[in-house]
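[1] Predicted model follows, preceded by the sequence.
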Amino acid sequence: MTDDRRGEADDAEGTIEDIDADGATEDIDADGATGDTGGFTLTRAQQRAARTIDRNVTVAAGAGTGKTTTLTERYLTILRAHLDGPESLVATGEEPPYRVPEGIDRITDPEAARRLPERIVVTTFTERAADDLKRTIRERIRERLAGIDDPERWAVWRAAADGVEAGYIDTTHGFCSRVLEEYAVSHPAVDPGFDVLEDGDAARLRATVAAEIVESEPPGTRTLAPVFDRAALADLLAGFLAEPDTTEAWIDELRAVDDPDAYDTYLVALHPLDADPKRLLDAVSDDLDTLCALYRDDDVTDDLGANPMNRVGDDLLDLHETLVDVDTASASPIRRLSLCLRLCDVLTTGDGGQYGEGTYYGNKAFRERDDPTATRFREAMDSVLDELAPETRPTDASLDPDRDARELLTAL
């Protein structure tokens, strides 16, 4: 059983999802008949949650709407089923029926009754909530005892009341700590005298350990030194220690691509394109040659204007010098991908969007001319833009930082 004290304020009445054994679900509104329990009136939906102990029940409700009281009543239902017998759980009038697991035998031995609360685990989010639950459960048992005349039944209920203090009603951390404390004596790796660290103490301990690691200068420290000073590296390691599951998963992933070729393949998978980079580069090769030949013509650049050259032309010429030396058939996948992304970057704005028509095709007078030179330029630019569709490609167009990071990541 779990007391969720984080309910949403806009769900003041609350709902209960009753999960049947066959997996079907039923959403139940929280209005309807009510039942009085300890001065707090439970809605019909809350009664159903308290009386249904043969399956999982999820309660969602806002603060102060009775989750703790409902959970207390559910706890009492479990006690009644075992101490009075399941046959004693009979609904009256139009109250929701009790749903109890089969095979429950009534407990008549006070010693067994005292141990019953230790078979019921209740977890909460705060120690205050746990204390409130224990208090309300004991109060409800005292009310129960006041109405019992049979000495034998009174004895088993009194024994159960004694057992509540030793029962498992705690925060999740508290429950785990108790399990460790009770079983540490049988496990050589656990010191029975352990303490649970508060968050602040744990953070300070991680910082101390990380600083000691950095001071010991393990392998990799020299590789990382140009990027991180000692304090920054210690902070980074402390952050890794604070998220052990994520850190271990990251380490396993990195070790799986320790080989440079495997790492390149990994980067390609991280930066997928919806088209083959080799096919794209081959498809635009001739048109790029045409564009760059025209960009190198002083008469053409004068006609284009300054903006087209500053934003596209100059960068395309620089990239073209690299492209002409690359055999795409023999280049590695990451090399082809990197060149394709760089080309898309040259042909788009800083945020990956399209430039205006003037940036691609030059001044109005040039882009409206019908002479062979202007026509060749427009046709080549049209073909490149149509084939690449650069605005649809990833905006992070450089793989170089990721490639350069391999040595740092391995050292880290």
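    Noted; the coordinates are in hand. The model shown is predicted, which means the values in this text are computed figures rather than measured ones. Numbering: from 1, shown residues only.
[2] Could you pull up phi and psi at residue 159?
    Backbone torsions for residue 159, taken as degrees, to the nearest 10, come to phi -70, psi -40.
[3] What segments of the stretch 151-300 of the chain are strands?
    Along the stretch 151-300 of the chain, counting by DSSP state E, counting those that start in this stretch, strands occupy 168-171.
[4] Where do the helices of it begin and end?
    Using DSSP state H, counting those that start in this stretch, the helices of the stretch 151-300 of the chain run over 151-164, 172-183, 199-215, 221-224, 230-242, 244-255, 260-270, 277-295, 298-304.
[5] quick one, which of the ones you listed is nearest to residue 63?
    Between residue 63 and those, the shortest separation by CB to CB is 19.8 Å, and it involves helix 172-183. For every residue, glycine as well, the C-beta is placed using N, CA and C.
[6] thinking again about what came up before, format the helices of the stretch 151-300 of the chain as CSV; extra columns: distance to residue 103.
    Shown next, in CSV, are the helices of the stretch 151-300 of the chain (distance: least, CB to CB, whole Å):
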stretch, distance to residue 103
helix 151-164, 19
helix 172-183, 26
helix 199-215, 43
helix 221-224, 62
helix 230-242, 46
helix 244-255, 39
helix 260-270, 53
helix 277-295, 65
helix 298-304, 87
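[7] Can you check which of these gets nearest to residue 387?
    Taking these one by one with CB to CB, helix 277-295 is closest: 5.0 Å.
[8] from the chain's centre, how far out does the closest one sit?
    Averaged C-alpha coordinates place helix 277-295 at 43 Å from its chain's average position (CA atoms, centre = their mean, to the nearest Å).
[9] from what I can see residue 48 touches residue 96, true?
    Yes: with contact defined as CB atoms under 8 Å, residue 48 counts as touching residue 96 (4.3 Å).
[10] Can you pick out the residue with more neighbours from those two?
    residue 48 (24 against 20; other CB atoms under 10 Å).
[11] Wasn't the more buried one part of a helix?
    Yes: secondary structure of residue 48 (DSSP: H, G, I helix; E, B strand; the rest coil): part of a helix.
[12] how much space between it and residue 285?
    Distance of residue 48 to residue 285, given as CB to CB, to the nearest Å: 71 Å.
[13] what does residue 49 give?
    Taking CB to CB, one finds residue 49 at 69 Å from residue 285.
[14] Ok, residue 345 next?
    The spacing between residue 345 and residue 285, counted by CB to CB, is 18 Å.
[15] try residue 61
    65 Å.
[16] for residue 391, same thing?
    For residue 391, the distance to residue 285 - CB to CB - is 21 Å.
[17] what's the answer for residue 191, then?
    Distance from residue 191 to residue 285, counting by CB to CB: 69 Å.
[18] more neighbours, residue 49 and residue 285?
    Counted by other CB under 10 Å, residue 49 and residue 285 do not tie: residue 49 has more neighbours, with 28 against 16.
[19] my read: residue 129 touches residue 68, true?
    Yes: the pair residue 129 and residue 68 passes the contact test of CB under 8 Å, sitting 6.9 Å apart.
[20] Pick out whichever of those two has more residues nearby.
    Neighbour totals were compared for residue 129 and residue 68, and residue 129 leads with 21 against 17 (other CB under 10 Å).
[21] Helix or strand for that one, just tell me which one.
    Assignment of secondary structure by DSSP states H and E places residue 129 within helix 127-146.
[22] center of the chain, which residue is that?
    residue 246 (10.3 Å; CA atoms, centre = their mean).
[23] Distance check, that one against residue 240.
    Noted for residue 246: a distance of 8 Å to residue 240, by CB to CB.
[24] Could you do residue 192 as well?
    The value you get for residue 192 to residue 240, if CB to CB is used, is 30 Å.
[25] For stretch 168-175, measure first residue to last.
    Distance across stretch 168-175, first residue to last, is 7 Å (CA to CA, to the nearest Å).
[26] can you pull the buried residues of it?
    Across stretch 168-175, burial judged by 16 or more other CB atoms under 10 Å covers 168-171, 174-175.
[27] got it, and stretch 371-383?
    Under 16+ other CB under 10 Å, the buried positions of stretch 371-383 are 374, 376-378, 380-381, 383.
[28] which one among those residues gets closest to residue 336?
    Of the buried residues of stretch 371-383, the one sitting nearest to residue 336 (CB to CB) turns out to be residue 383, at 19.5 Å.
[29] is it true that that closest one touches residue 284?
    Yes: here residue 383 reaches residue 284: they are 7.0 Å apart, a contact under CB under 8 Å.
[30] Now the residue of the chain most remote from its centre. Its backbone dihedrals?
    Going by CA atoms, centre = their mean, the residue of the chain most distant from its centre is residue 371, 59.6 Å out. Torsion angles at residue 371 (phi, psi; degrees, to the nearest 10) stand at phi -80, psi 170.
[31] circling back: any idea which of the helices of the stretch 151-300 of the chain scores lowest on pLDDT?
    Among these, helix 260-270 carries the lowest mean pLDDT, at a mean of 82.
[32] Quick one: work out the angle between it and helix 244-255.
    If you take axes from the mean of the first three to the mean of the last three CA atoms, to 10 degrees, helix 260-270 sits at 120 degrees to helix 244-255.
[33] Can you list the buried residues in helix 260-270?
    263-264, 266-268.
[34] Kindly reformat these as JSON lines containing distance to residue 399.
    JSON lines is the format used below for the buried residues of helix 260-270 (distance: CB to CB, whole Å):
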{"residue": "263", "distance to residue 399": "11"}
{"residue": "264", "distance to residue 399": "9"}
{"residue": "266", "distance to residue 399": "11"}
{"residue": "267", "distance to residue 399": "6"}
{"residue": "268", "distance to residue 399": "9"}
